[in-house]
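>>> everything below, folded, please.
(one chain, ligands or ions: 1)
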Amino acid sequence: MNPDLQTLIELQHLDTAIAGLEAEIQSLPRKIAEVESQLSEHIQAVEASKKHLAENQRGRRKREIEIAALRDKISHYKDQTFQVKTNEQYKALLHEVEFHEAAIRKLEDEMLVEMIDSEAMEKQLREAERSLAEERTRTERDIAAARQRQQQDESELKEAQTRRAEIQGRLAAPVYETYERIARFRKGLAVSEVRDGTCGACHVRLRPQAYAEVRTNAHIAVCESCARILYSAPEPVTE
Ligand SMILES: [Zn+2]
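Below is the predicted model of the structure:
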């Protein structure tokens, strides 16, 4: 194989790896921010549930106090029934008693609904707290892993860039500049493998003469369709 072509293939592999590392390094802080914001959303949801439950409990205590006050009034009316002189007054007091008893029943019904709600809320809150604790652990682990990955990527990137400079040094300036120019226009992919007579990047079939030449890997040839540098992989061994 032409030594320049060999070097260009190596350079392309390395540049693809570098692009992958750079993309991952860029994406990691966003990934960390995402899991952090998800966790904080869930923390807020649990806090809201706690507040809701506390409101429910406050409502019940308020009704308990109201009921106690109504009972006091009822016992006061009942005491008065012993002192009334007329049947009319007696009836009026009984009416008051009934009226306040009805109010108590209404409050008790409301409390029952609140109690049922509160049981469901407590159960939900316990589950939410348990899953939040798990999420906290998971998030911390994910963030630590992402930070470690980032460090590893950065050190791999540094190594790759050192290696790249070394590879670049093996190429004559015009050859390297051709590679760079194609890479710039072709989203970083300047070298393409030919498979079964077709350019692996643009998938256009080569003319037979061009294909025959590429198969020798003796010169630097470019795809007539996408202008990428072509090379041919060794023929697969057939039975
Ligand atoms: Zn092509």
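>>> how far out from the middle of the chain is whatever helix or strand Q151 lives in?
For Q151, the element it lies in under DSSP states H and E is helix 87-169. Here helix 87-169 shows a centroid-to-chain-centroid distance of 18 Å under the convention Cα atoms, centre = their mean, to the nearest Å.
>>> equivalent analysis for stretch 173-193, please.
36 Å.
>>> what about that stretch, average pLDDT?
The average pLDDT within stretch 173-193 is 97.
>>> so, in contact with the ion or not, it?
No: Stretch 173-193 is not in contact with the ion by Cβ under 5 Å from the ion; minimum separation 5.6 Å. No exception for glycine: its C-beta is placed from N, CA and C like everyone else's.
>>> keeping just the C-alphas, turn that stretch into CSV.
Provided in CSV are the C-alpha atoms of stretch 173-193 (Å, rounded to 0.1, in the frame of the first residue of the first chain):
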residue,chain,number,x,y,z
ALA,A,173,2.2,19.4,3.5
PRO,A,174,0.2,19.2,0.2
VAL,A,175,-1.1,15.7,1.1
TYR,A,176,-2.1,16.8,4.6
GLU,A,177,-3.8,20.0,3.3
THR,A,178,-5.8,17.9,0.8
TYR,A,179,-7.0,15.7,3.6
GLU,A,180,-7.9,18.7,5.8
ARG,A,181,-9.7,20.5,3.0
ILE,A,182,-11.8,17.4,2.2
ALA,A,183,-12.5,16.8,5.9
ARG,A,184,-13.7,20.3,6.3
PHE,A,185,-16.2,20.0,3.6
ARG,A,186,-17.2,16.4,4.4
LYS,A,187,-18.0,16.7,8.2
GLY,A,188,-14.7,15.2,9.2
LEU,A,189,-14.7,12.2,6.9
ALA,A,190,-12.0,12.6,4.3
VAL,A,191,-11.1,9.0,3.7
SER,A,192,-13.5,6.4,2.6
GLU,A,193,-13.3,2.7,2.2
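>>> mind listing what's buried in that stretch?
175-176, 178-179, 182-183, 186, 189-193 (16 or more other Cβ atoms under 10 Å).
>>> pipe the residues you listed into JSON lines and attach secondary structure and distance to I18 per row.
Below are the buried residues of stretch 173-193 laid out as JSON lines (DSSP: H, G, I helix; E, B strand; the rest coil; distance: Cβ to Cβ, whole Å):
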{"residue": "V175", "secondary structure": "helix", "distance to I18": "19"}
{"residue": "Y176", "secondary structure": "helix", "distance to I18": "15"}
{"residue": "T178", "secondary structure": "helix", "distance to I18": "19"}
{"residue": "Y179", "secondary structure": "helix", "distance to I18": "14"}
{"residue": "I182", "secondary structure": "helix", "distance to I18": "16"}
{"residue": "A183", "secondary structure": "helix", "distance to I18": "11"}
{"residue": "R186", "secondary structure": "coil", "distance to I18": "16"}
{"residue": "L189", "secondary structure": "coil", "distance to I18": "13"}
{"residue": "A190", "secondary structure": "coil", "distance to I18": "13"}
{"residue": "V191", "secondary structure": "strand", "distance to I18": "14"}
{"residue": "S192", "secondary structure": "strand", "distance to I18": "18"}
{"residue": "E193", "secondary structure": "strand", "distance to I18": "19"}
